[in-house]
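Trainee: Sequence and predicted model, in that order:
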Amino acid sequence: MDRLLFGDNQFFGINHMSEEKARAQAMRFQDTDAIMAVLDAAYDAGIRTFMCTTHDRIAEVCDRIRADPARYADFQFYPCMPYAHKYANAVTEHGMFGALSQFMPEEGLFRTALRGGAALAAKDVEGIAKLLIDVEMKMFAGLKTPVVLIQNVFTDLLLGMGYTRAFRVFHDHVRDRYGAEAGFITMNLPMLHRALQAEGIENPIICSNINKIGFRMCGGPDLYAEVLRSGRVRAIAMSVLASGAIPAEEAIEWVAKLPGVQSIVFGASGRGNILNTRDLVARHFPAAPQPAEA
């Protein structure tokens, strides 16, 4: 994974410290051109990976990237799924059948409906789960998606219910069908790591809050440090600035020293912040050395 990943919270009005700022960002990025201007700034700054939800607006971004393969030759997505609101919105706007048609994979509505109907009839939870993953991945057809992640709301719901078998289903399906690695977003890295180990998922990719003040780090910083030191996790650190509570350089310098952290994901609305974060990461968290060729 790249050291620095670009996130999408700012595009959809998500800010954990300021509702006013969140509303302003949501208004600013109503137009896809505004989103693309920021993504272009990040891409031109050398940031190649966009870690994003499967929000319906991201489908428009995918169309733009597909339309200009020369410009975006190295652009890759890390889809984070599912994004539940879009299904409710689609049913409201298009009706049930229209929503189904919109989201079904390219293999065809009839065939997919048969597959889904058979899974429902047989109460095949795994079959239904795989179908839902395929629905979410439709917008990324033909694009690079080397890592696919489950959103923290669903990861932590499944974790709390004890239905950890779902993680194995997700892991195997994205590997077998999409040639991708599975990732898991969580608010409780230590608990999730134990569950993934129990399911035989070794050295998993886990994205969680990791920051100097323990902001939204369920289980506590000490347990996080224990997991990171184990050498059995590839961590993506999010919320490293604790939503602005920690100065950027202090935050990045601290996270960069932690074992097990492979990447930092951040969001920014302007070129200045993008360049500043890129330069801080380059200074404190340089790319890992590549193994020597035989």
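Mentor: Looks like it arrived, so ask away.
Trainee: contacts, neighbours, all on C-alpha from now
Mentor: OK.
Trainee: Can you list the buried residues in stretch 45-53?
Mentor: Applying a neighbour-count criterion of 16 or more other C-alpha atoms under 10 Å, one finds 47-53 buried in stretch 45-53.
Trainee: what number of residues lie near residue 189?
Mentor: 28 (other C-alpha atoms under 10 Å).
Trainee: Contacts only, for residue 155.
Mentor: Listed by C-alpha atoms under 8 Å, 6 or more residues apart in numbering, the contact partners of residue 155 are 184-186.
Trainee: could you say which helix or strand contains it?
Mentor: helix 152-161 (DSSP states H and E).
Trainee: what is the mean pLDDT for that helix?
Mentor: Regarding helix 152-161, the rounded mean pLDDT is 93.
Trainee: And stretch 256-263, by the same measure?
Mentor: pLDDT averaged over stretch 256-263 gives 97.
Trainee: send the alpha carbons of the helix holding residue 155 over as CSV?
Mentor: Taking C-alpha atoms only, helix 152-161 is exported to CSV below (Å, rounded to 0.1, in the frame of the first residue of the first chain):
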residue,chain,number,x,y,z
ASN,A,152,-16.8,0.5,10.2
VAL,A,153,-20.5,0.6,10.9
PHE,A,154,-21.0,-2.8,9.5
THR,A,155,-17.7,-4.2,10.6
ASP,A,156,-18.4,-3.3,14.2
LEU,A,157,-22.1,-4.4,14.0
LEU,A,158,-21.0,-7.8,12.8
LEU,A,159,-18.2,-7.9,15.5
GLY,A,160,-20.7,-7.0,18.2
MET,A,161,-23.1,-9.7,17.0
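Trainee: And it, how far out from the chain middle?
Mentor: Centroid displacement of helix 152-161 relative to its chain, using C-alpha atoms, centre = their mean, to the nearest Å, is 15 Å.
Trainee: hang on, residue 253 in a helix?
Mentor: Yes - assessed with DSSP: H, G, I helix; E, B strand; the rest coil, residue 253 lies in a helix.
Trainee: Cross-check the contact I'm expecting between it and residue 285.
Mentor: Yes - counting by C-alpha atoms under 8 Å, residue 253 touches residue 285, with 7.5 Å between them.
Trainee: Settle it for me: which of the two has more neighbours?
Mentor: Neighbour tally, residue 253 and residue 285, criterion other C-alpha under 10 Å: the higher count belongs to residue 285, 22 against 16.
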